[in-house]
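Enquirer: based on what follows, work out the 3D shape:
(chains A, B and C)
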Amino acid sequence: MSTTDQTARDTQDADEQVNGVPTGEDRVAIPGMSQEGETLQEGRNQAGEPEIRHTEHGDVSGVPDSSRAGRFTSYDVADFPPLSPKLEDWRFTPVKRLRGLDDAALQGPAPAVSVSGDDAVEVTSVGRDDSRVGSAGIPEDRVSANAWSAFREATVISIPRDAQVAEPVIVTFTGESEEPAAQHVVVDAGTNSKALVVLRHVGTAVLSQNVEFSVGDGANLTVVSLQEWTDDSVHASSQQAKLGRDATFKHVLVSLGGDLVRVTPSTRFTAPGGDVAMYGLTFVDDGQHLESRLFVDHSVPRCRSRVNYKSALQGENAHGVWVGDVLIRAEAEGTDTYELNRNLILNDGPRMDSVPNLEIETGLIAGAGHASTTGQLDDEHLYYLMSRGIPEDQARRLVVRGFLFEIIQQVGVEALEEQLRASLEDELARTEN
Amino acid sequence: MTERIVPADTAGSMTGDTTISEILEMNPELEGIGQYQYGWSDKNDAGASARRGVNEEVVRDISVKKSEPDWMTQLRLKGLKFFDRKPMPTWGADLSGIDFDNIKYFVRSTEQQAGSWEELPEDIRNTYEKLGIPEAERNRLVAGVAAQYESEVVYHQLREDLEAQGVIFMDTDTALKEHPEFFEEYFGTVIPVGDNKFAALNTAVWSGGSFVYVPKGVHVDIPLQAYFRINTENMGQFERTLIIADEDSYVHYIEGCTAPIYKTDSLHSAVVEIICKKNARVRYTTIQNWSNNVYNLVTKRAIAHEGATMEWVDGNIGSKVTQKYPAVYMTGEHARGETLSIAFAGEGQHQDTGSKMVHIAPNTSSSIVSKSVARNGGRSAYRGLVQVREGATHSKSNVVCDALLVDTVSRSDTYPYVDIREDDVTMGHEATVSRVSEEQLFYLMQRGMPEEEAMAMIVRGFVEPIARELPMEYALELNRLIELQMEGSVG
Amino acid sequence: MSTLEIKDLHASVILDDESTKPILKGVDLTINSGEVHAIMGPNGSGKSTLASTIAGHPKYQVDSGSVTLDGQDVLAMSVDERARAGLFLAMQYPVEIPGVTTSNFLRSAKTAIDGEAPSLRTWTKDVRSAMDKLKIDNDMLQRNVNEGFSGGEKKRHEILQLEMLKPKIALLDETDSGLDVDALKIVSEGVNRALQEDNTGIMLITHYTRILRYITPQFVHVFSDGRVVDQGGSELADRLEDEGYDRYVRAAAK
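Expert: Numbers count the residues shown, from 1 in each chain, chains lettered A, B, ... in the order given. Have a look, this model is predicted:
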């Protein structure tokens, strides 16, 4: 008898009995559980329920995929297994809604690029063979590798050595097609330079994007990545940063629009003294899937990382995902890291998955920690405000604003902050309708 | 509930903060408690002749030897089927060293269960004397004792007044014969037959373990204790424990585990099912101190009905590999689940532990506090899941995990999974990893303490919030173990 | 009668990147039982380094010179051996030890220093009485070491240890900093008790002259750029009160 037949038989014996004693499914007392254990979440690894959640594949076989150190990377899409919720990396993502970003040829038109800002910053379109392309990271998942295979020209935003760019550089990506497309962007911050770059995504797109940040020695780069797509857009963005000695990198991610947006920012240190701060804000509405998966790879001594991600969720099937992986390798003595994720659920229906992971391979650290909370508005806060005469709807908005605006303050461009606050007010107004 | 012993000769003269080290100082005779002296083995005729490997014949043979009802035989065979079919887990610790064909699945060490220690064969009796079990019973530190040696419970005793109140505490094999109705209704209902590979294996070959029933409204004031001992090399111990706490009852069950040190590995794969009925409260304390050649892969799960509280106190000090995540499924309103978990990973040890809390009914609450210490190349991981299902409104959960690294070659990981399907919930999670700081060591050494003592003091302080929840003799054992773990920890 | 003798001591701080920076540049100092030596000087002159180096803090390395206690080579001893030999350092920033009660800590320290556990009954009584004199709440014994202590409580706790452990020589590292006048008086009384009752030799490191109104030094040493640049009796302290350290700082800069 084949294994499949066996399964079919075993799961059909609900009223199986021996001498009047149930021996089949009827024995199971816990809702959502069958005689094979948990069935509520197919393919999910859960504490206490050993099951395969990793397809054996190429070089990664035998490496427990719960460790970020063993994460597979490749430029070749064929090296990655087909997407499945059984893969740790994709277990939360509704793969069907990717609209082919993992498999299609990605021949659609990439969103148009327009730039405003300081003339000191050079924006050029270069071929695949440009040395800056591929300098900051190798694709870490199938969708990213697919984009790598497909893109023809890369946009390079180059900040010259020693340049202190006062005005923010705003790069707008305007999508006008639902054909699956690929895009490649490189931000190259020269030694001891200082700049702020905003990557603003608007319009409609089905896009797999690779963004590289190369932050030179002593450079100070701030990047704001805004996802303000229309509600039918799909966007997968792998954003990989590589930091030189004493480099400072601030990454602010704001995801508001899109049907499915999955941003995977990774930071790697190449020399001591690096400092990364990663901020995130997502506002998830009805039916949206907004996912952020971070990775900070401490592989050299004496670097510092801070992560602070917040999200607000409202409406049926609003799904937020936050996964924060921090790996402190054996060589990374003197590491100082803390990750924070806070989620606010505004009404019935949303789902939030928050997974902070911390792996530490050396005891010689300065400090490491993380915290994650998910909850509704604090009734005490509301009560306090209402007792001061503020109506409930206003009180709610006040508290939510206070919760989210902390991240917006990190953007550092006043006009943009103003727009973002307005967008959030619009989102909040929807709750009350 | 916190149990504390105040030493008689000094009661009143202290401030009430009598710490364990102080008690040790005042009661030097307690010094030996917890010293890892459990590495000896007895002579071993039964174990030497036992067959290795598992198949349908072995499973049927166990069931026949125990004269079990047909339904249990069928359930065992089903367990074997699931075990054969399920793949080995690919996450967590490295389990590739387990050779299922080399394991002895059933070893009968004595023909008859004893009701007094004197009735036991001398070598087995000596083992338990060395472990201090009869003494604890004589001193009335426990309300009942069960001692399992290899595959079966060789001794059991329950205080008479509890027996009179209808409390049942006996080995699972005997209970299946004498109280089949409980087994027909509850066995395998909390941890289904094919729940995971190791639970399936346990269902197929289970033997021994404890059965506890506490009737409505009965409070068992001092703990029931079970002691598990593996003697045979390559032994597989698969005890099966079922605890039913009826409405408004309370019981505290404690288990301790040791094994001799052999060159090759043994497997301990237990299944523990607990049913906490309305407003019942159960505390289950484990101090696992297997020798470093035991794979300890255990499934523990409780169901908490309306208003019930389930508390797991889980101490993992020994074993080569432990994978254990005690779970509470809160199916009734206002149910509560709590886990206090502590793990030490020394050289060659991988402690992959944590807890799982599943909120199914509204107004349920859970808390997980985990502390782990890794040293000398040991590896500790916290792996936990908090799940709030749809409909479990107003649920609350808080998870705190702290890890302490004592040196530079050890490793600590944290995997706290959170899955929330309901909006009206409050979730908190906090984790810290710290190392023993140069400044702390300097401060204590400047006050005259040698480095090892200073280190042990810092580690004891780190686990103190959990140690204080343990009964005193276990807290003392934990302390001694910390000191032993710290020996040679500094160069 | 005990003597701590420091001769031509040179020491460096070990920085995070393992490089070293010289701090002490030839210190000579002798402290006998029952004497109070005030070490005064501007911030960054190396006063605290001197105390930490004598106690054996791992962040400092001795480059040359010697430190002996009654002829025994202190520098050859580990930190705990120095403490057991009779050296006590009251720290400027005492660290927290989570989960370890002050009561347990005090008794473990006493046991380590004396080589045997103190008699339970008299010990408890002695601790209580010392705490009363230092106006420390009894509940400190149940609190974890230095955890959540106010600045004043931490300093009083250090002096409590001084009184309980009865060292031969005590190094008090800016014990006066951050104390209000009342607390300063209480702490000073504790130090004076150690002087009178146990004949402890005291090295009193301070930036300010304020504490010298309550503890009278026989010797005042002015520290600048890692060495003693001036010394005298208590009248030198009065002059420093009026003139400050400018003169010495300027001299060192030349």
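Enquirer: give me the buried positions along stretch A:385-402.
Expert: Of the residues in stretch A:385-402, those scored as buried under the neighbour-count criterion (16 or more other Cβ atoms under 10 Å in any protein chain shown) are A:Leu385, A:Ala395, A:Arg396, A:Arg397, A:Val399, A:Val400. Heads up, the C-betas are built off the backbone N, CA and C, glycines and all.
Enquirer: actually stretch B:318-338, sorry about that
Expert: Neighbour-count burial for stretch B:318-338 flags B:318-332, B:334-338 (criterion: 16+ other Cβ under 10 Å).
Enquirer: intersect these with the contacts of chain A.
Expert: When the buried residues of stretch B:318-338 are checked against chain A using Cβ under 8 Å from any Cβ of the partner chain, the ones in range are B:Gln323, B:Lys324, B:Tyr325, B:Ala327, B:Tyr329, B:Thr331.
Enquirer: you'd agree the fifth one is in a helix?
Expert: Read that as B:Tyr329. No: with DSSP: H, G, I helix; E, B strand; the rest coil as the criterion, B:Tyr329 is strand rather than part of a helix.
Enquirer: okay, C:Pro94: pLDDT?
Expert: Here, the pLDDT recorded for C:Pro94 equals 88.
Enquirer: correct me if wrong: it contacts C:His157.
Expert: Yes: shown here, C:Pro94 and C:His157 form a contact pair, counting by Cβ atoms under 8 Å, at 6.9 Å.
Enquirer: burial count for B:Ile303?
Expert: Here the count is done by other Cβ atoms under 10 Å in any protein chain shown, and B:Ile303 has 26 residues near it.
Enquirer: likewise for B:Thr90?
Expert: Quick note: B:Thr90 (other Cβ under 10 Å) scores 20 neighbours.
Enquirer: is it in a helix, a strand, or coil?
Expert: Judged by three-state DSSP, the three-state class of B:Thr90 is coil.
Enquirer: mind checking the backbone torsions on it?
Expert: Dihedral angles phi and psi of B:Thr90 (degrees, to the nearest 10) take the values phi -110, psi 0.
Enquirer: the closest residue to A:Val21 other than its chain neighbours: what secondary structure?
Expert: Distances taken as Cβ to Cβ, 6 or more residues apart in numbering or on different chains put B:Trp71 closest to A:Val21, at 3.9 Å, once the chain neighbours are dropped. Using three-state DSSP, the structure places B:Trp71 in helix.
Enquirer: quick one: B:Trp71 and A:Glu16 touch, right?
Expert: No: under the criterion of Cβ under 8 Å, B:Trp71 is not in contact with A:Glu16, lying 10.0 Å apart.
Enquirer: any residues in contact with both of the two?
Expert: Common neighbours of B:Trp71 and A:Glu16, using Cβ atoms under 8 Å, 6 or more residues apart in numbering or on different chains, are A:Thr23.
Enquirer: pLDDT weak spots in the chain?
Expert: Looking at chain A here, since you left the chain open. In the prediction, chain A carries residues with pLDDT under 70 at positions A:1-14, A:39-67, A:69, A:363, A:378-381, A:431-433.
Enquirer: to clarify, I was referring to chain B.
Expert: Counting by pLDDT under 70, chain B contains low-confidence residues at B:1-40, B:42-49, B:110-112, B:131, B:140-141, B:258-263, B:423, B:484-491.
Enquirer: nearest to chain C: which residue in it?
Expert: Distances from chain B to chain C, computed as Cβ to the nearest Cβ, single out B:Gly461 as the nearest residue at 2.9 Å.
Enquirer: for the chain, just list every one of the helices.
Expert: I'll assume chain A. Along chain A, the stretches classed as helices by DSSP state H are A:3-10, A:142-150, A:379-387, A:392-408, A:414-432.
Enquirer: oops, wrong one, chain C.
Expert: C:47-55, C:79-85, C:102-114, C:120-133, C:151-165, C:181-198, C:234-243, C:246-253.
Enquirer: quick check, A:Ile390 in contact with A:Val399.
Expert: No: under the contact definition of Cβ under 8 Å, A:Ile390 does not touch A:Val399, with a separation of 10.3 Å.
Enquirer: so A:Arg91 touches A:Leu83, yeah?
Expert: No: counting by Cβ under 8 Å, A:Leu83 is not a contact partner of A:Arg91; they are 10.3 Å apart.
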